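In: This is a predicted model, with the sequence first.
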Amino acid sequence: MSEILQKVASKTLQRPQALLTGDWALFLDIDGTLLEHAEHPDAVSVSAELRALLQGLDHKLNGALAFITGRSVAAVDQLFQPLKLRAAGLYGLEHRLLPGDDVEIADEPADIAALADEIEAELGRGAYIERKGRVLAIHTRAAPHLLPRATQLVEQALAVLPKGYRVVAGNAGVELLPLEAAKGAAIRRFMDIAPFTGRRPVFLGDDTSDENGFETVNDAGGMSIRVKPPAYTTARYGLAGVDETLAWLRGQL
């Protein structure tokens, strides 16, 4: 991801216009974008209305809709069941390119498992350590005072882990993930196949890990939309929160 973010105050980001034609491909982050954040990732739920909305959008776009998320594809399926859409999980380490396809699971390496054990032992119950194969996420929404120490621990781990990992700070936590785990790369992979090919990409996200996806979409002449945008973002449009995001999506049907 570029180190230089667009220096635009959040209040100056325009609300995105309606997608008036079917020549768009829609990519959606989940947590903080379609669903409000919770202290624990498993504490969220999906309404029947949201499932129907997503199903309607998928139908209108002839299947050119995909989740781009830090959750595993299995976790996405459990959350949205029985709906199973195209998805890139773990920031693109897992893919389901076609509905109903099998997903190659990203296993947890031994060194990441050991690190997760160490961090869990130090931080205790105040933080939730989420093991996602090669991705390690530390959620501190329930204990914000633990975030500095959690960040320090994963940054120190970079010195002893094999090369190829990076640390990404989030809204209420920090993640350790491989360099190839990038939402922009996941979007590009979808854009190379039908029914996405030839369409203009639209990506909605709310966090630092989504900035790479915004850059990719901008480069492709698409529409980048950050939910609850901060003062600095590469996104070119903004939506105030989850409720406004869902209202905007409903307006596309």
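Out: Noted; the coordinates are in hand. Residues are numbered from 1 along each chain as shown.

In: can you pull the contacts of the most centrally placed residue in the chain?
Out: For the chain, the residue nearest the mean C-alpha position is residue 69 (3.2 Å; Cα atoms, centre = their mean). Neighbouring residues of residue 69 by Cβ atoms under 8 Å, 6 or more residues apart in numbering: 29-31, 76, 87-89, 91. Any C-beta I mention is one placed from the backbone N, CA and C, and that applies to glycine too.

In: could you show me where the helices are in this structure, in order?
Out: Under the criterion DSSP state H, the chain contains helices at 48-60, 73-80, 110-123, 147-157, 183-191, 211-219, 242-250.

In: quick one on the thing from earlier: ok, and the closest non-adjacent residue to the residue nearest to the centre of the chain?
Out: Counting by Cβ to Cβ, 6 or more residues apart in numbering, residue 69 lies nearest to residue 30, which is 4.8 Å off, once chain neighbours are set aside.

In: residues in contact with that neighbour?
Out: By Cβ under 8 Å, 6+ apart, the residues touching residue 30 are 67, 69, 71, 76, 79.

In: Convert stretch 234-243 to CSV, retaining C-alpha atoms only.
Out: Extracted in CSV, the C-alpha atoms of stretch 234-243 (Å, rounded to 0.1, in the frame of the first residue of the first chain):
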residue,chain,number,x,y,z
THR,A,234,-7.1,7.2,-0.7
ALA,A,235,-10.9,6.6,-1.1
ARG,A,236,-12.6,9.2,-3.3
TYR,A,237,-16.0,9.0,-1.8
GLY,A,238,-17.4,8.6,1.8
LEU,A,239,-20.4,7.3,3.6
ALA,A,240,-21.1,8.2,7.2
GLY,A,241,-21.6,4.8,8.6
VAL,A,242,-23.2,1.3,8.2
ASP,A,243,-26.8,2.7,8.1
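
In: of the helices of the chain, which approaches residue 230 most closely?
Out: Distance to residue 230, taken as Cβ to Cβ, is lowest for helix 211-219 among those, at 10.1 Å.

In: which outside residues touch the closest one?
Out: Under the contact criterion Cβ under 8 Å, 6+ apart, helix 211-219 has outside partners 1-2, 5, 27, 29, 68, 182-188, 201-203, 205, 223-224, 226, 233-236.

In: likewise stretch 245-253?
Out: By Cβ under 8 Å, 6+ apart, the residues outside stretch 245-253 that reach it are 15-16, 18-19, 33-34, 50, 53, 56-57, 60, 204, 227, 239.

In: Can I get the residues you listed in CSV including pLDDT and distance to residue 168?
Out: Formatted as CSV, those follow (pLDDT from 0 to 100; distance: Cβ to Cβ, whole Å):
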residue, pLDDT, distance to residue 168
15, 88, 27
16, 91, 25
18, 83, 32
19, 81, 29
33, 96, 16
34, 97, 20
50, 97, 26
53, 97, 29
56, 96, 32
57, 96, 28
60, 94, 33
204, 98, 18
227, 96, 17
239, 96, 22
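
In: Could you give me the ChimeraX selection string for whichever of those residues are buried?
Out: Listed next is the ChimeraX selection for buried residues among the contacts of stretch 245-253, using 16 or more other Cβ atoms under 10 Å:
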select :16,19,33,34,50,53,57,60,204,227,239
